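A.B. asks: show me how the following folds:
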Amino acid sequence: MQRTKIEQHKLIVLGMGGTIDKDYPRSTGGYAFEIDEPAAERILKQLPSLNLQFEVRSLCRKDSTEIDAFEREKLVAAIRAAPPSARIVVTHGTDTLIETAKVLVDSGAAEGKRVAFTGAMKPERFKDSDASFNLGGAVIATAQLPLGSVVVCMGGNVIQASVCVRDKDTGFFCEQNNICDDEAQE
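C.D. replies: This next block holds a predicted model:
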């Protein structure tokens, strides 16, 4: 079956929860945040000249420290079921984002697809959040990467998931055996 131009360029965004999706609580019982619908949909819908069709699906609404093998298998199954040559962005909490990305790499489900994981250090609802920047980087990465790629897009960097690490001191994402550059923030 011949795919149309629109189908070939459709972006699939799979939301796993995390800080990017956190919102102010709807109840009056305290200051804890709740994980809401995927922020990616709000971000992408705000772009009047976005030349890209997209579909956003929420697979779970959890803090990444609570994501377990069941949720990771749901993600693997969703990516495996995506059409050939699919462009896929996974929004995820940053604490276990790398772990989930490596599970996907090991599963082989990304073969023939382009997958970019991203998240945010502050909720998308915050004025100074990095959510829009990181999501934009991930969307662009899926257009440029070779098929079979699984990358982490955070802080202006695109890093192969298999070599991605997080610096414990700075919180930055970088390549294994490379020092995360905290001077870039100055």
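
A.B. asks: what about the residue lying closest to residue 63 once chain neighbours are set aside, how many residues nearby?
C.D. replies: Nearest non-adjacent residue to residue 63, counting by C-beta to C-beta, 6 or more residues apart in numbering: residue 93, 5.7 Å away. Bear in mind the C-beta positions are built from the backbone N, C-alpha and C, glycine included. For residue 93, the count of nearby residues is 23 (other C-beta atoms under 10 Å).

A.B. asks: over to residue 178?
C.D. replies: Residues near residue 178, counting by other C-beta under 10 Å: 11.

A.B. asks: quick one, what contacts it?
C.D. replies: Neighbour list for residue 178: empty [criterion: C-beta atoms under 8 Å, 6 or more residues apart in numbering].

A.B. asks: ok but it is inside a helix, no?
C.D. replies: No. With DSSP: H, G, I helix; E, B strand; the rest coil as the criterion, residue 178 is coil rather than part of a helix.

A.B. asks: thinking again about what came up before, hmm, the residue nearest to residue 63 is touching residue 64, no?
C.D. replies: Yes. Counting by C-beta atoms under 8 Å, residue 93 touches residue 64, with 2.6 Å between them.

A.B. asks: need the overlap of contacts for these two.
C.D. replies: Joint contacts of residue 93 and residue 64 (C-beta under 8 Å, 6+ apart) are 16-18, 119.

A.B. asks: in strands only, show me those.
C.D. replies: In strands, defined here by DSSP state E, the members of the shared contacts of residue 93 and residue 64 are 16-17.

A.B. asks: for residue 53, grab the count of nearby residues.
C.D. replies: Residue 53: 10 neighbours (other C-beta under 10 Å).

A.B. asks: could the shared contacts of residue 93 and residue 64 be laid out in CSV, adding distance to residue 128, pLDDT and neighbour count?
C.D. replies: What follows is the shared contacts of residue 93 and residue 64, written out as CSV (distance: C-beta to C-beta, whole Å; pLDDT from 0 to 100; neighbours: other C-beta atoms under 10 Å):
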residue, distance to residue 128, pLDDT, neighbour count
16, 23, 95, 28
17, 21, 88, 24
18, 17, 88, 29
119, 16, 94, 29
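
A.B. asks: residues making contact with the longest strand seen in the chain?
C.D. replies: Longest among the strand segments of the chain by residue count, using DSSP E, is strand 54-62. Strand 54-62 is contacted from outside by 10-18, 21, 35-38, 40-41, 44, 67, 71, 74-75, 78, 93, using C-beta under 8 Å, 6+ apart.

A.B. asks: quick one: distance of that strand to the chain centre.
C.D. replies: 10 Å (C-alpha atoms, centre = their mean, to the nearest Å).

A.B. asks: ok, now stretch 129-144?
C.D. replies: That offset, for stretch 129-144, works out to 8 Å (C-alpha atoms, centre = their mean).

A.B. asks: just stretch 154-165 next, same as before
C.D. replies: With C-alpha atoms, centre = their mean, you get 12 Å for stretch 154-165.
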